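# Attaching a predicted model along with its sequence, questions to come.
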Amino acid sequence: MTGVTLSKAVKKYGDVQVIHNIDLQIEDGEFCVFVGPSGCGKSTLLRMIAGLEETTNGQINIGSRDVTHMDPSERGVAMVFQTYALYPHMSVEENMGFGLKMNGHPRAEIKEKVAEASRILQLDQYLSRKPKALSGGQRQRVAIGRAIVRGPEVFLFDEPLSNLDAELRVDMRVEIARLHKEIGATMIYVTHDQVEAMTLADKIVVLRAGHVEQVGSPMELYQNPDNKFVAGFIGSPAMNFLDGIVSEGGVTVAALGGRRIETDVALPDEDNPVIVGLRPQHLRVAEGGSDIALDLRERLGGVSYDYLATATGEKIIVETRGDEAIAEGTAVTVDFDDPSAYFFDAKTEARLR
Ligand SMILES: Nc1ncnc2c1ncn2[C@@H]1O[C@H](COP(=O)(O)OP(=O)(O)O)[C@@H](O)[C@H]1O
Ligand SMILES: [Mg+2]
């Protein structure tokens, strides 16, 4: 068993605590993604697992071994970084085999392991090339190959695709998913990109300011967020948030011309504020009305995004399919099915259920 377990993991730099009591269970063979905004502690947490950062308090286990204070080389992990850090004077083959060579592995074994990694990553035709004769995507594959040849129990990736252009990023995302299927090792992957998290993960860990906000499968987080932060972070375009007021057992939304939403969730007392969450995919626009203007329509081909401005000064994004043409500047109404609305506490931002 080579899952990874964090128990009350804490990281402090001097007096500044950047990781707060994190408990987390990553299963053997699982693809786990740490996601959150820049500076939330993703890299720090990954580097604590790798042993590149000292863990201030708490415990880290890989399989049944307590690795909390072990040397990185003893942990059975291999890390892939955003910058590939290949040796420029070495060929692809030498770059991939270098770590094993330094550790004194026999030449024949190195050749076999490099050949296997090269097959998995489809690098066979590039083995004798130097890094400068490779594209960014190919270089990143070599960096991943360097990790594979070490035969780690756990792969750690820190934003490995951030230096690639958008198209290559999608290709590499698919390759990494395929790699995980083929070798089946436990993988922990850090990204600030929720699309990468959604598409790659078995389990997503949403971090904010060194705290875990929620852990779950991509669809669990999308459909059942615990709070406004997770609801707004997962899903693209992001969930719309509007001010609501509790009235007569439902919620009234001023931005939608006083639209009432009936709901079964446990709401605060009458006249108290709540935050209403509406996914762009759940909204429909139609011509007519007076309170809401269609500011801009972005056409992406299969879908369009309508950017609406309400009389209350709030913004709404609606995802539409098909090609009904409402002109920009037109007054519109917005509708949705009441059960698709989410509600959050106006102060704590916790989900109301
Ligand atoms: N060596 C360090 N000394 C002090 N603070 C640090 C150090 N490294 C990271 N931090 C702080 O820890 C927090 C988390 O950083 P990091 O893990 O790199 O975030 P992320 O990878 O999510 O962008 C940030 O606020 C950062 O400024
Ligand atoms: Mg980082």
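Yep, it's here. Numbers count the residues shown, from 1 in each chain. Ligands and ions are numbered 1, 2, ... in the order given.

# switch to C-alpha atoms for all contacts and neighbour counts from now on
OK.

# And the pLDDT for the residue nearest to residue 75 when sequence neighbours are not counted?
In space, residue 75 comes closest to residue 67 once its chain neighbours are excluded; the distance is 6.4 Å by C-alpha to C-alpha, 6 or more residues apart in numbering. The predicted structure scores residue 67 at 98 on the pLDDT scale.

# and residue 67, how many neighbours?
The tally of other residues near residue 67 (other C-alpha atoms under 10 Å) stands at 21.

# I'd assumed residue 245 was in a strand, is it?
Yes: the secondary structure assignment for residue 245 places it in a strand, going by DSSP: H, G, I helix; E, B strand; the rest coil.

# you'd agree it is up against residue 255?
No: Residue 245 is not in contact with residue 255 according to C-alpha atoms under 8 Å; the separation is 11.1 Å.

# ok, the two, which is more surrounded?
A direct count of neighbours by other C-alpha under 10 Å for residue 245 and residue 255 places residue 245 higher, at 23 against 20.

# hey, what's that one bridged with?
According to DSSP bridges, residue 252, residue 273 are recorded as the beta-bridge partners of residue 245.

# dump the residue contacts of it.
With contact taken as C-alpha atoms under 8 Å, 6 or more residues apart in numbering, residue 245 is in contact with 251, 252, 253, 270, 271, 272, 273, 274.

# ok, those residues vs ligand 1, which is closest?
Looking at the contacts of residue 245 and their distance to ligand 1, the nearest is residue 274, at 29.7 Å (C-alpha to the nearest ligand atom).

# In this structure that closest one contacts residue 346, no?
Yes: contact criterion C-alpha under 8 Å: residue 274 and residue 346 qualify, at 4.7 Å.

# Just read off the phi/psi values of residue 162.
The phi/psi pair for residue 162 (degrees, to the nearest 10) reads phi -60, psi -20.

# please begin residue numbering at 17 from this point
Yep, numbering from 17; the last one is residue 178 now.

# For the nearest residue to it once chain neighbours are set aside, list the residues it contacts.
In space, and not counting its chain neighbours, residue 178 is closest to residue 98: 6.2 Å by C-alpha to C-alpha, 6+ apart. For residue 98, the contacting residues are 174, 175, 176, 177, 178, 179, taking C-alpha under 8 Å, 6+ apart as the criterion.

# I'd like these laid out as TSV, including secondary structure.
Formatted as TSV, those follow (three-state DSSP):
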residue	secondary structure
174	strand
175	coil
176	coil
177	coil
178	coil
179	coil
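
# I only care about those that end up buried; give me the PyMOL line for that.
Isolation of the buried members of the contacts of residue 98 (16 or more other C-alpha atoms under 10 Å) is achieved in PyMOL through the command below:
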select buried, resi 174+175+176+177
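
# what number of residues lie near whatever residue of the stretch 267-369 of the chain ends up closest to ligand 1?
Nearest residue of the stretch 267-369 of the chain to ligand 1 (C-alpha to the nearest ligand atom) works out as residue 365 at 21.7 Å. Residue 365 is surrounded by 15 other residues when neighbours are defined as other C-alpha under 10 Å.

# List the contacts of it.
Each residue near residue 365 by C-alpha under 8 Å, 6+ apart is listed here: 243, 244, 245, 291.

# Recalculate using a threshold of 6 Å.
When contacts are counted by C-alpha atoms under 6 Å, 6 or more residues apart in numbering, residue 365 is found next to 243, 244.

# and the contacts of residue 261, which are buried?
Buried members of these, scored by 16+ other C-alpha under 10 Å, are 267, 268, 269, 289, 290.

# which one of the residues you listed sits closest to residue 117?
Sorting the buried ones among the contacts of residue 261 by how near they are to residue 117, with C-alpha to C-alpha, puts residue 290 at the top with 61.4 Å.

# That closest one reaches residue 262, doesn't it?
No: Residue 290 is beyond contact range of residue 262, at 7.0 Å (criterion: C-alpha atoms under 6 Å).

# how close does residue 28 sit to ligand 1?
Residue 28 sits 8 Å away from ligand 1, going by C-alpha to the nearest ligand atom, to the nearest Å.

# for the longest strand along the chain, the distance to its chain's centre please.
Within the chain, and with DSSP state E defining each element, the longest strand by residue count is strand 300-315. When C-alpha coordinates are averaged (C-alpha atoms, centre = their mean, to the nearest Å), strand 300-315 and its chain have centres 31 Å apart.

# Pull the residues that contact it.
By C-alpha under 6 Å, 6+ apart, strand 300-315 touches 320-327, 344-351.

# ditto for stretch 330-344
256, 296-297, 299, 310-312, 319-325.

# Would you reformat the contacts of residue 98 as JSON lines and include pLDDT and distance to ligand 1?
Formatted as JSON lines, the contacts of residue 98 follow (pLDDT from 0 to 100; distance: C-alpha to the nearest ligand atom, whole Å):
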{"residue": "174", "pLDDT": "97", "distance to ligand 1": "8"}
{"residue": "175", "pLDDT": "96", "distance to ligand 1": "9"}
{"residue": "176", "pLDDT": "94", "distance to ligand 1": "12"}
{"residue": "177", "pLDDT": "93", "distance to ligand 1": "14"}
{"residue": "178", "pLDDT": "91", "distance to ligand 1": "12"}
{"residue": "179", "pLDDT": "88", "distance to ligand 1": "15"}
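
# Residue 208 contacts residue 51, correct?
Yes: applying C-alpha under 6 Å, one finds residue 208 in contact with residue 51, separated by 5.3 Å.
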